[in-house]
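Novice: could you look at this predicted model? Sequence included:
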Amino acid sequence: MSRLGALHLTKPTGPKHTATVIFFHGSGDTGGNMKEWVNIMARNFTFPHIKVMFPTAPLQPYTPNGGAMSNVWFDRANISIDAPEKLDSISKIEVEVKDLIQGENKLGIPSNRIIIGGFSMGGSLSFHAAYRWDRNIAGAFVFSSFLNNGSVVYQELKNASSSTLPPLLQCHGDNDDVVPMEWGKTTYNELKTLGAPIQFHVLERLGHQINKRGLNLIRDFIEKHLPDV
């Protein structure tokens, strides 16, 4: 049985579903809120041939919140780039993410017609999904996200061929007081050094939130890597 909460969908506006985007929310949020937020900012985040999925993270104890229950993709020792990763918690959500991808595969959508992305913790999850769990996906995007120093993602990429890595779009506000842009830039530099085909966009005067410009960059990225066929 899935540990995930409610799944919210935006259906293709055209007659055929040939690709899928999986959009992960930030810590303490829900898929429904993420869908609403994105659609308000983007004035309807829809595509003629693409289904957009907004899953909800499992309700579980979250250490940075004093151990209180929260909808989070995995637990953290602390919200800090220097904190060690809780790999046992990350490995549990790996099963759920793979199930989402395989569910689309069973519907006839191959991994190379799927893009994964997310905001904040959802973006951190997307780094793991794209560069550890299914490198056959069409691409990934992250918004206001980071990887911990010494992340297992970096360790696994040391033995990977750059030709096998999906493209990744990274956006970050330069006024972010929750996830400092320096953390995002450090993550970008590490991944770039390891051969990841990644691009970094600074969003001026933006705090820890999504905005229209960032979503337009994401939309362009999706349309480029998931063209209508």
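Specialist: That came through, no problem.
Novice: how far away is the residue nearest to Met121 when sequence neighbours are not counted from Ser70?
Specialist: In space, and not counting its chain neighbours, Met121 is closest to Ser27: 4.3 Å by CB to CB, 6 or more residues apart in numbering. (Glycine included, C-beta is placed from N, CA and C.) Separation of Ser27 from Ser70 (CB to CB, to the nearest Å) stands at 7 Å.
Novice: spit out the residues that contact those two alike.
Specialist: Common neighbours of Ser27 and Ser70 are listed as Tyr62 (criterion: CB atoms under 8 Å, 6 or more residues apart in numbering).
Novice: quick one, strands of this protein?
Specialist: 8-10, 19-24, 50-54, 59-61, 69-71, 114-119, 139-143, 168-173, 198-203 (DSSP state E).
Novice: so can I have CSV of those showing mean neighbour count?
Specialist: Below are these laid out as CSV (neighbours: other CB atoms under 10 Å):
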stretch, mean neighbour count
strand 8-10, 17
strand 19-24, 26
strand 50-54, 23
strand 59-61, 14
strand 69-71, 17
strand 114-119, 28
strand 139-143, 28
strand 168-173, 26
strand 198-203, 17
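Novice: can I get those in a markdown table with distance to Asp228 and mean pLDDT?
Specialist: As requested, the strands of the chain are exported to a markdown table (distance: least, CB to CB, whole Å; pLDDT from 0 to 100):
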| stretch | distance to Asp228 | mean pLDDT |
| --- | --- | --- |
| strand 8-10 | 16 | 96 |
| strand 19-24 | 8 | 98 |
| strand 50-54 | 9 | 98 |
| strand 59-61 | 37 | 96 |
| strand 69-71 | 33 | 97 |
| strand 114-119 | 14 | 98 |
| strand 139-143 | 16 | 98 |
| strand 168-173 | 19 | 98 |
| strand 198-203 | 23 | 98 |
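Novice: how about these, which one is nearest Pro180?
Specialist: strand 168-173 (8.9 Å; CB to CB).
Novice: contacts for that closest one?
Specialist: Residues contacting strand 168-173 (CB under 8 Å, 6+ apart): 117, 123, 127, 130, 139-145, 179, 181, 184-185, 187-188, 191, 196-209, 211, 214, 217-218, 221.
Novice: residue for residue, what is the longest helix the protein has?
Specialist: With secondary structure taken from DSSP state H, the chain has its longest helix at helix 87-106.
Novice: re the thing from before, just send the strands of the chain back as JSON lines, with distance to Ile101 too.
Specialist: Formatted as JSON lines, the strands of the chain follow (distance: least, CB to CB, whole Å):
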{"stretch": "strand 8-10", "distance to Ile101": "15"}
{"stretch": "strand 19-24", "distance to Ile101": "8"}
{"stretch": "strand 50-54", "distance to Ile101": "10"}
{"stretch": "strand 59-61", "distance to Ile101": "21"}
{"stretch": "strand 69-71", "distance to Ile101": "20"}
{"stretch": "strand 114-119", "distance to Ile101": "6"}
{"stretch": "strand 139-143", "distance to Ile101": "12"}
{"stretch": "strand 168-173", "distance to Ile101": "16"}
{"stretch": "strand 198-203", "distance to Ile101": "21"}
